[in-house]
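Asks: Model the following, please.
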Amino acid sequence: MKKKRPSLKDIADALNISTTTVSFVLNGKGEEKKISKELIAKVEAHLKEINYKPNLVARSLRTGSTRVLVFMVEDISNSHFSKVGRIIEDISYKNDYRVLFCSTENDVKRTQDLIHLFHERQVDGFIIVPPPGIEKEISYLLENEVPVVLFDRKIPDLEADYVIINNFEGAKQSTQHLIDSGYKNIAFITIDLDQIQMHDREAGYIAALEESGFSPNILKIPYDTSNIPSSREKIKKFIEKNKDIDAIFFATNYLSQSGLKCIHQIDAKLINKLGIISFDDSNFFEMYSPTVSAFAQPVDEMANQLMKIMLSKLKNKEQGVPSKVVLDGTLVTRESSLKK
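Replies: Residues are numbered from 1 along each chain as shown. Alright, predicted model coming up:
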């Protein structure tokens, strides 16, 4: 027979105190309610002795808080998002919150369903990488005073907190580095998505080329994580067709990894002739031969800024002036972008 969970009354009777006192200690409000440290320690020792696990559903009904946050990104398996998510998880845990992770695949319907699902389950806050078309759902959350922080990209015309990187300057700096290394026919391989961060990266690339009197050469790959072979085939055909290319700037780290494999398939020696740089770094790039240059996003700072804003909003849900944080990245130069 399943052992019955002790009730607050059972615990209170065992210690000869009130259920209110037990409740305050359970919810971490003992000192706030002027309960002595000795009594708090006594209650906590008894809870440990009986291996008491609080009923989270019941606690959420009492307090109006589930102590759960949602980290919603386009693909949680992407190393950039997973690194940020790992730090967010640690910070959340230290503040007595737990994190649910999910991927939207940049699909509006899927994102809508996930937002509705988690909102119905009364999660305390959302950190969201928003796909285009999700403005209505985020506005609804904000209107209902649900803490929301946008990450990686902002939504134009929506007054919401966000933490992003200066994508334009990062892409311009990366392209300029290739130009300074002596490359002139620099291709840009990107994802065909109507998203502000991708537009900014493309614009930064074009701006650097135009300032040096060079012409852009752009390949846009459809976003489809389920069909990587098709993307690789498009990259391979593009490189084979444009034989005058002497350098390639990849707009994301996962595109870079696909592109490097394509280059090896075309000619194992070609990697030593082309200049290569990636927007977003990866541990894989340090182990590759040659090592791959990248514009690295400040993962630690991003995660800390996201949680700083989120924890502040959880304490005070009244709508104030949104925090709009734009961070700078770092160009990490390795062997692949040096002058050949």
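
Asks: can you give me the helices for this structure?
Replies: Chain-ordered helices for the chain, with DSSP state H as the definition, fall at 8-15, 19-26, 37-49, 56-63, 79-94, 108-120, 135-143, 167-180, 196-211, 228-241, 253-266, 283-287, 299-315.

Asks: Look at Ser36 and say how many residues are nearby.
Replies: Here the count is done by other CB atoms under 10 Å, and Ser36 has 10 residues near it. Where you see a C-beta, it was placed from the backbone N, CA and C, and this is true even at glycine.

Asks: check contacts around Lys243.
Replies: Applying CB atoms under 8 Å, 6 or more residues apart in numbering to Lys243 gives no contacts.

Asks: Now do the same for it: its pLDDT.
Replies: On pLDDT, Lys243 comes in at 93.

Asks: Starting from Leu270, give me the distance back to it.
Replies: Distance from Lys243 to Leu270, counting by CB to CB, to the nearest Å: 10 Å.

Asks: One more: Glu49?
Replies: 67 Å.

Asks: These two - which one has more neighbours?
Replies: The neighbour comparison of Glu49 against Leu270 (other CB under 10 Å) goes to Leu270, with 13 against 9.

Asks: quick one: pLDDT of the residue nearest to that one when sequence neighbours are not counted?
Replies: Spatially, and ignoring its direct neighbours in sequence, Leu270 is nearest to Ile263 (5.2 Å; CB to CB, 6 or more residues apart in numbering). If you check Ile263, the pLDDT there is 93.

Asks: which ones are touching Ile263?
Replies: Ile239, Leu270, Ile271, Leu274.

Asks: Name only those of those residues that count as buried.
Replies: Ile239, Ile271, Leu274 (16 or more other CB atoms under 10 Å).

Asks: And the protein, what are its domain boundaries?
Replies: According to automatic domain parsing, the chain comprises the domains 8-54, 65-165+300-328, 167-297+331-337.

Asks: Just the residues contacting stretch 108-125, thanks.
Replies: Contact with stretch 108-125 is made by 60, 64-70, 72, 97, 100, 102, 104, 126, 128, 130-134, 137-138, 141, 146-149, 310, 313-314, as judged by CB under 8 Å, 6+ apart.

Asks: center of the chain - which residue?
Replies: In the chain, the residue lying closest to the centroid (CA atoms, centre = their mean) is Phe81, at 4.0 Å.

Asks: Give me the neighbour count for the residue nearest to that one when sequence neighbours are not counted.
Replies: Closest residue in space to Phe81, ignoring its immediate chain neighbours: Val73 at 4.2 Å, by CB to CB, 6+ apart. Val73: 24 surrounding residues under other CB under 10 Å.

Asks: quick one: low-confidence parts of the stretch 1-150 of the chain?
Replies: Within the stretch 1-150 of the chain, the segments meeting pLDDT under 70 span 1-4, 53-64.

Asks: and what of the stretch 201-340 of the chain?
Replies: Residues of the stretch 201-340 of the chain meeting the criterion pLDDT under 70: 225-227, 317-319.
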